[in-house]
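Asks: Sharing a model that was predicted from the sequence below.
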Amino acid sequence: MTISDVLIILATLLSPLIAVQVQKWIERGSERRTAQKQVFYDLMATRATRVAPKHVEALNKIDLEFDAKGSAKHREVVNRWRIYADHLGLDTESMSEAQLTQWSTQGNELFTDLLVALAAAFDYPFDRVQLKRGIYYPRAHGEAEKRREIYEQAVLHLITGQSSLNMRVTEFPFSEDDAALSRRLHEGFVRAFSEDGALKTKAV
């Protein structure tokens, strides 16, 4: 038996196993690709309001789904996410109003950079203007979000003692009969305790 015969036999025996492994490899690649696209879809769908749980979850999945040592496009996605994450992690509590405005503006640009990198990773023909401006967000949703923030802030201040409930009394219930009775009682006490007055007593 020649070496060629041995190789043919081995190939015949191993071909089903190789085919199965190749199929599994293809399926894993397809699942990974689907998960990566889902990150992009979720970020696009929630880009108008970036505090939605789905939005935060999608951001946190980037490091799991994209390989920092993979293709150049995937490395760019991870790099843009890390720059944006670093920006989000800045301490905004001590910022002035002008600094907060600048922080927000810069955050918008960094987030758009991330979307641009994601779109390029999947060869989607989105330009920067589409990713940044092509958003539909009803005004009613924005107003509801502002009210929710105001309510949450008010409750937080109340719980932490930074504010208190207004307990000022502005009006008492009023009754003419009660007022008349009060006047008669007052007049009676005045007469009884005056120099000419007297208290009536009754022995029992």
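Replies: Cool, the structure landed. Numbers count the residues shown, from 1 in each chain.

Asks: Please pull out the lowest mean pLDDT helix or strand from the protein.
Replies: Across the helices and strands of the chain, mean confidence by mean pLDDT, DSSP states H and E is lowest for helix 139-159: a mean of 68.

Asks: Just after that helix, pick out the following helix or strand.
Replies: Per DSSP states H and E, the first helix or strand lying C-terminal to helix 139-159 is helix 176-192.

Asks: pLDDT weak spots in the protein?
Replies: 1, 4-8, 10-11, 13-29, 134, 136-146, 148-149, 151, 169-174, 192-204 (pLDDT under 70).

Asks: Could you rerun that using 80?
Replies: Along the chain, the parts satisfying pLDDT under 80 run over 1-30, 68, 133-158, 161, 164-179, 185-204.

Asks: Would you map the helices across it?
Replies: 3-45, 53-65, 72-88, 97-121, 128-133, 139-159, 176-192 (DSSP state H).

Asks: want to throw the ones you listed into TSV with mean neighbour count?
Replies: Where C-beta positions appear, they are placed from N, C-alpha and C, glycine not excepted. Converted to TSV, these look like this (neighbours: other CB atoms under 10 Å):
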stretch	mean neighbour count
helix 3-45	12
helix 53-65	15
helix 72-88	16
helix 97-121	16
helix 128-133	13
helix 139-159	11
helix 176-192	10
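
Asks: can I get these in CSV with distance to Asn166?
Replies: Listed next are these as CSV, based on distance: least, CB to CB, whole Å:
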stretch, distance to Asn166
helix 3-45, 42
helix 53-65, 34
helix 72-88, 37
helix 97-121, 27
helix 128-133, 44
helix 139-159, 11
helix 176-192, 27
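
Asks: And those: which comes nearest Leu165?
Replies: Smallest distance to Leu165 across the helices of the chain (CB to CB): 7.1 Å, for helix 139-159.

Asks: centroid residue for this structure?
Replies: What sits nearest the mean C-alpha location of the chain, by CA atoms, centre = their mean, is Val51, with 2.4 Å.

Asks: Could you check how far that residue is from Thr160?
Replies: 21 Å (CB to CB, to the nearest Å).

Asks: With Met167 instead?
Replies: For Met167, the distance to Thr160 - CB to CB - is 19 Å.

Asks: The two: who's more crowded?
Replies: Thr160 (8 against 5; other CB atoms under 10 Å).

Asks: tell me the contacts of that one?
Replies: For Thr160, the contact set (CB atoms under 8 Å, 6 or more residues apart in numbering) is empty.

Asks: list the contacts for the residue nearest to Gln106 when sequence neighbours are not counted?
Replies: Once flanking residues are discounted, Gln106 sits nearest to His87: 6.5 Å by CB to CB, 6 or more residues apart in numbering. Residues in contact with His87 (CB under 8 Å, 6+ apart) are 103, 106-107, 110.

Asks: Any chance of TSV for these, columns distance to Leu131?
Replies: Shown next, in TSV, are the contacts of His87 (distance: CB to CB, whole Å):
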residue	distance to Leu131
Trp103	20
Gln106	16
Gly107	14
Leu110	12
